[in-house]
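A.B. asks: Sequence and predicted model, in that order:
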Amino acid sequence: MKVAVTGVGGGVGQSIIKALNDTTHELVGIDSDLLGAGLYGVPCAYLGHYANKPQFIPRLQEICEEEECEVLFPGLDAELPYLARNKKKMERKTSLTVMVSDPSVVEIADDKLETYYFLEKNGFPALETYNLLDYNGELNFPVVVKPRKGGARSVDKTVIKDNKTLESLQQSSEADKFVIQEYAQGTEYTCGTVSLDGDFLGPIIMKRQLRCGDTYKAFVIKDDPLENHLKEVIEVLNPYGPCNVQLRMDEDVPYIFEFNARCSGTTASRALAGFNEPAMVCDYIQGKTPQYDIKDMVILRYWNELVVEYAQIENMGLNKHVYSRRKL
């Protein structure tokens with residue numbers, strides 16, 4: 001298949017590319033940043049537009065039509081609301097499948113307060129969460145303050161241990177953009193699932209160690225009770241395609257604190273462990289039965305280098321696309 005991947009300058013887009021590198025699928029990378037590394041690590045790449053620009057959707061349609069792409073994987077959270085709203089229109093014009101969930105699912109995943117409401121409403125364990133601006137001291141310290149929307153890689157997440165620090169944050173002009181949440185002790189997990197028209201695949205469960213908000217050491221484990229819990233939650237949420245779930249186990253209770261209604265920065269790691277989400281999606285679209293075989297292993301992540309010639313960057317800036325025939 002011809003597979004388009006957006007946001008290839010970032011970790012999620014690059015992770016999707018890595019997961020599909022050793023398959024027979026042809027990759028088309030798209031990013032709005034001329035220096036997005038993934039643009040120079042795929043056989044075919046195009047400059048796109050930022051999600052909040054009017055040209056964003058038309059440019060994606062133009063690229064996918066030009067390259068006859070059959071599936072598009074988004075690599076950036078900021079793109080999801082726009083793709084969700086335009087999914088049907090994009091798919092009507094071509095044979096393209098846009099791997100994005102309904103707007104309601106995207107909204108729950110993007111908004112920490114909506115995530116809490118969803119979990120609480122459906123009777124799942126949930127970390128008590130409030131809008132920071134309206135908070136009146138309902139929680140015991142320590143507490144977590146984080147952006148209500150977005151907040152990828154734990155950016156601007158703060159653990160608060162005293163009233164003085166909390167009051168200072170509440171008085172900030174940005175307070176209405178944050179939530180305050182009950183703090184969960186225990187081990188943190190990142191989990192991958194795939195949902196395709198009612199069929200639930202997975203999950204794959206990884207204990208993780210973080211560095212600067214990214215998973216840099218992952219330990220694939222088997223946990224039947226947690227697997228059953230994730231299946232139950234995801235079947236109620238009903239995302240379309242890959243969905244990443246982040247949680248902490250506190251006294252054997254799984255507290256989900258974030259959904260990502262997309263592939264993950266650990267998608268390539270999951271593929272190494274036998275759970276290749278993008279490949280499963282491609283199989284499904286082609287009418288094949290998706291297969292996976294999860295293996296217990298430890299995955300240690302590290303930086304890598306990609307050398308790009310100046311002429312290649314100049315060519316991309318001038319022509320808005322390149323054919324490099326390279327791999328990340």
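C.D. replies: Arrived safely, thanks for sending. Numbering: from 1, shown residues only.
A.B. asks: need the contact list for the nearest residue to Asn276 once chain neighbours are set aside.
C.D. replies: For Asn276, the nearest residue in space outside its immediate sequence neighbours is Ala19; the separation is 5.4 Å by CB to CB, 6 or more residues apart in numbering. Quick note: C-beta positions are derived from backbone N, CA and C, even for glycine. Residues in contact with Ala19, defined by CB atoms under 8 Å, 6 or more residues apart in numbering, are 263, 267-268, 270-271, 276-279.
A.B. asks: For Asn122, see how far away Glu235 is.
C.D. replies: Taking CB to CB, to the nearest Å as the measure, Glu235 falls 10 Å from Asn122.
A.B. asks: Repeat that for Asn228.
C.D. replies: 15 Å.
A.B. asks: Same question for His25.
C.D. replies: Per CB to CB, His25 is found 36 Å from Asn122.
A.B. asks: now swap in Ala45 and tell me
C.D. replies: Ala45 is 41 Å from Asn122, by CB to CB.
A.B. asks: for the contacts of Ala19, which one is nearest Gly41?
C.D. replies: Of all those, Gly41 sits closest to Ala268, with 12.4 Å by CB to CB.
A.B. asks: Now that closest one: which helix or strand?
C.D. replies: helix 267-272 (DSSP states H and E).
A.B. asks: In terms of helices and strands, where is the residue nearest to Asn276?
C.D. replies: Here Ala19 is assigned to helix 11-20, by DSSP H and E.
A.B. asks: next structured bit after that helix?
C.D. replies: Helix 11-20 is succeeded, C-terminally, by strand 26-31 (DSSP H and E).
A.B. asks: ok and that following strand relative to helix 11-20, angle-wise?
C.D. replies: Angle of strand 26-31 versus helix 11-20, following axes from the mean of the first three to the mean of the last three CA atoms, to 10 degrees, is 170 degrees.
A.B. asks: Centre of the chain to strand 26-31, how far?
C.D. replies: 17 Å (CA atoms, centre = their mean, to the nearest Å).
A.B. asks: and what of stretch 320-328?
C.D. replies: With CA atoms, centre = their mean, you get 24 Å for stretch 320-328.
A.B. asks: Please identify the buried residues of that stretch?
C.D. replies: For stretch 320-328, a neighbour-count test (16 or more other CB atoms under 10 Å) marks 321-322, 324, 328 as buried.
A.B. asks: Report the strands that pair with the one helix or strand in the chain whose mean pLDDT sits lowest, each with its relative direction.
C.D. replies: When each helix and strand of the chain is scored by mean pLDDT, DSSP states H and E, strand 321-323 comes last, with a mean of 87. With DSSP bridges as the test, strand 321-323 is paired with strand 44-47 (antiparallel).
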